[in-house]
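1. Dropping the sequence and predicted coords here.
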Amino acid sequence: MAKLYLAPMEGVLDYTLREILTSLVGIDQCVTEFIRVSDRLLPRSVFYRLAPELHHGGCTRSGVPVFLQLLGSDPNLLAENAARAAALGAPGVDLNFGCPAKTVNKSRGGAVLLKEPDLLHDIVYAVRQAVPANIPVTAKMRLGYMDKSLAIENAKAIESAGACTLTVHARTKLEGYKPPAHWEWIAKIKEVVSLQVIANGEVWNREDYERCQQRSGCQDVMLGRGMLSNPFLAESLVTGHEASLDERWQRLLPMLEAYSTQVIEDLSERHVHGRIKQWLNMLRQHFPQADHLFTAVRSERDPAVILKKIKSLQDA
Ligand SMILES: Cc1cc2nc3c(=O)[nH]c(=O)nc-3n(C[C@H](O)[C@H](O)[C@H](O)COP(=O)(O)O)c2cc1C
């Protein structure tokens, strides 16, 4: 059975959105935003803050497992933190070898590690050794940093060090988020490794999903921005049924209300409006109704007014 994974997205796909998106059918597994490991064993509070699911068995309320993602370059430190994640109940530990952010790459984290297959190996190996055997260790990589010349070597290094799953975002760091995603490169990787490979990048609808599967040779696909612009994407891929835009918008409004209410509770007031608009901005790509709503609240900074507007659309 093909599986669907919800992508990690730092600053966007937090606990609240994971809860909302997994309340629909379709997503089999999630990954947290990355937890940055730079110089120490992080306090437990950091793990709980980024993965509150640890309070209920490492799963969302719908029972979808949430792997904890670590980002860093020191094998021993990553191992120590991975062991703590496992001890706190993470159902799996994922390692980030794809973050393109300058600040992260400068301190030798994320995609820049793709220049050093030996280091990738050492990181995965150290983490695998530190985490109990029943807890999966997985990795997520891009195709390379400036070019794809080390893509195969990196994937082999990750496999030989003991990772059981590799998600490949089919672009280099240099290619950023610019379409297309080079799904055919995932097929090249898949040919030479035998661990589970998950294809990722530019899947926005069923057509993309099927083409991605065909070109990558992967059954399993990770969905990122596609799920944020159309939260019903995974559901429709699994059920084979897609309701009308209007019907989906009506189902979405209570989700948007729940999201806004939770964000109001969690964030300081000055950050709330930006966070709600961030999701609305993504929803605009799929829903013309979200575009109207976004325009209506674009310059509004008071979260209560935005929430009231969302509620009024449900009563309309
Ligand atoms: C705002 C943003 C934040 C992201 N944060 C992470 C992250 O924390 N860890 C990670 O491995 N990938 C991260 N990614 C990459 C996504 O997981 C995914 O690989 C990428 O968006 C391509 O998939 P998509 O085309 O389905 O969105 C992020 C992407 C975006 C746009």
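-> Cool, got the structure. Numbering: from 1, shown residues only.

2. if we look at the longest helix belonging to the chain, which residues are touching it?
-> Longest among the helix segments of the chain by residue count, using DSSP state H, is helix 245-266. The contact list for helix 245-266, computed with C-beta atoms under 8 Å, 6 or more residues apart in numbering, reads 16-17, 20, 23, 230-232, 242-243, 272, 275-276, 279-280, 283, 287-290, 303-304, 306-307, 310-311, 313-314. Every residue, glycine included, has its C-beta placed from N, CA and C.

3. List only buried entries from those residues.
-> 16-17, 20, 230-232, 242, 272, 275-276, 279-280, 283, 287, 289-290, 303, 306-307, 310-311, 313 (16 or more other C-beta atoms under 10 Å).

4. got the contact list for Glu33?
-> Pro8, Met9, Glu10, Gly11, Val12, Leu13, Asp14, Leu50, Gln69.

5. pLDDT score assigned to it?
-> pLDDT, Glu33: 98.

6. Next, the residue nearest to it when sequence neighbours are not counted: phi, psi?
-> Closest residue to Glu33 apart from its sequence neighbours, by C-beta to C-beta, 6 or more residues apart in numbering: Glu10 at 4.2 Å. Note on Glu10: backbone dihedrals following degrees, to the nearest 10 are phi -60, psi 130.

7. Please spell out the segments of the stretch 201-316 of the chain that come in under the pLDDT threshold.
-> Low-confidence segments of the stretch 201-316 of the chain (pLDDT under 70): 315.

8. Tell me how far the residue in it positioned nearest to the ligand lies from His169.
-> Nearest residue of the stretch 201-316 of the chain to the ligand (C-beta to the nearest ligand atom) works out as Gly224 at 2.6 Å. Per C-beta to C-beta, to the nearest Å, Gly224 is found 8 Å from His169.

9. try Ala111
-> 9 Å.

10. Could you say which helix or strand holds Ala83?
-> helix 75-87 (DSSP states H and E).

11. In terms of secondary structure, what does that helix contact?
-> helix 44-50, strand 66-71, strand 93-97, helix 117-130 (3 or more C-beta pairs under 8 Å, 6 or more residues apart in numbering; DSSP states H and E).

12. With mean pLDDT and distance to the ligand as new columns, can these be given to me in CSV?
-> What follows is the helices and strands packed on helix 75-87, written out as CSV (pLDDT from 0 to 100; distance: least, C-beta to the nearest ligand atom, whole Å):
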stretch, mean pLDDT, distance to the ligand
helix 44-50, 98, 10
strand 66-71, 98, 6
strand 93-97, 98, 5
helix 117-130, 98, 14
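
13. Would you reformat those as JSON lines and include mean neighbour count?
-> JSON lines is the format used below for these (neighbours: other C-beta atoms under 10 Å):
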{"stretch": "helix 44-50", "mean neighbour count": "15"}
{"stretch": "strand 66-71", "mean neighbour count": "26"}
{"stretch": "strand 93-97", "mean neighbour count": "27"}
{"stretch": "helix 117-130", "mean neighbour count": "21"}
